[in-house]
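K.L.:
Pasting the sequence and the predicted coordinates here, then a few questions.
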Amino acid sequence: MATSSEKIWTDFSESHHLTNKTFQTRWFGEQSNSAEVQDLTNKILAGDKISTSKPLGYYSSEGEQIPQVGDYYVLLNADMHPVGIIETVVSELVPFFRVSAEHAYNEAEGDRTLSDWQERSQTKFTKQMKKYDRTFSTNDPIVCEVIKLVYKD
């Protein structure tokens, strides 16, 4: 039987003496694309994927809070079952055209080069923002986040 998100969080937070901390659940990739979600989950669990990014406009359109340093998330796999806990260790706003090659590499997607990241991300972000009747520009701020796997189930 799969462990619940609450159980994983309780076990982790108690063993690490975390008080007044909460968590949210999170997965990476489009939920409708289970292969993508599982691939990204596997990369996080293997320690290959340690960064991610989204346009700032996504957060305001979704009414979501921007990840903050010290935020915890129960990581879900493609079946939406908890498999670990990640922590945000860096969260910064960077103009799209100023995202670093290091950040692109650490996203662990494509060929891991900055040019590949820019091409894939511009396409993805343009499509993503179109869902909210918004346009995406390479001058737009991007939330660049570095995550750390702190617990594996």
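P.N.:
Sure thing, it's come through.

K.L.:
going forward, measure contacts and count neighbours with C-alpha atoms only.
P.N.:
OK.

K.L.:
remind me which residues of this structure are low pLDDT?
P.N.:
Applying pLDDT under 70 to the chain flags residues 1-2.

K.L.:
what bridges to the residue nearest the centre of the chain?
P.N.:
Centre of the chain computed as the mean C-alpha position; nearest residue by Cα atoms, centre = their mean is residue 52, 4.8 Å away. In this entry, residue 52 is beta-bridged to residue 145, by DSSP bridges.

K.L.:
now for the longest helix seen in the chain, which elements pack on it?
P.N.:
Under DSSP state H, the helix in the chain containing the largest number of residues is helix 114-130. Helices and strands touching helix 114-130, as assessed by 3 or more Cα pairs under 8 Å, 6 or more residues apart in numbering; DSSP states H and E, comprise helix 56-62, helix 101-106.

K.L.:
which one of these lies closest to residue 88?
P.N.:
Taking Cα to Cα, helix 101-106 is the member of those nearest to residue 88, at 14.0 Å.

K.L.:
counting contacts, what elements does the closest one pack onto?
P.N.:
strand 51-55, helix 114-130.

K.L.:
List the buried residues for that helix?
P.N.:
Within helix 101-106, the residues that count as buried by 16 or more other Cα atoms under 10 Å are 103-106.

K.L.:
re earlier: report the angle between the axes of the longest helix of the chain and strand 51-55?
P.N.:
Helix 114-130 runs at 40 degrees relative to strand 51-55, counting by axes from the mean of the first three to the mean of the last three Cα atoms, to 10 degrees.

K.L.:
ok now helix 114-130, how far from the chain's centre?
P.N.:
15 Å (Cα atoms, centre = their mean, to the nearest Å).

K.L.:
export that helix as PDB, just CAs?
P.N.:
The C-alpha trace of helix 114-130 is given here as PDB (Å, rounded to 0.1, in the frame of the first residue of the first chain):
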ATOM      1  CA  LEU A 114      21.600  27.000 -22.600                       C
ATOM      2  CA  SER A 115      20.600  27.300 -26.300                       C
ATOM      3  CA  ASP A 116      18.400  24.100 -26.100                       C
ATOM      4  CA  TRP A 117      16.900  25.400 -22.800                       C
ATOM      5  CA  GLN A 118      16.100  28.700 -24.400                       C
ATOM      6  CA  GLU A 119      14.500  27.200 -27.500                       C
ATOM      7  CA  ARG A 120      12.400  24.600 -25.500                       C
ATOM      8  CA  SER A 121      11.400  27.000 -22.800                       C
ATOM      9  CA  GLN A 122      10.400  29.800 -25.100                       C
ATOM     10  CA  THR A 123       8.100  27.400 -26.900                       C
ATOM     11  CA  LYS A 124       6.800  25.900 -23.600                       C
ATOM     12  CA  PHE A 125       6.300  29.300 -21.900                       C
ATOM     13  CA  THR A 126       4.600  30.800 -24.900                       C
ATOM     14  CA  LYS A 127       2.100  27.900 -25.000                       C
ATOM     15  CA  GLN A 128       1.700  28.000 -21.200                       C
ATOM     16  CA  MET A 129       0.900  31.700 -21.100                       C
ATOM     17  CA  LYS A 130      -1.400  31.500 -24.100                       C
END
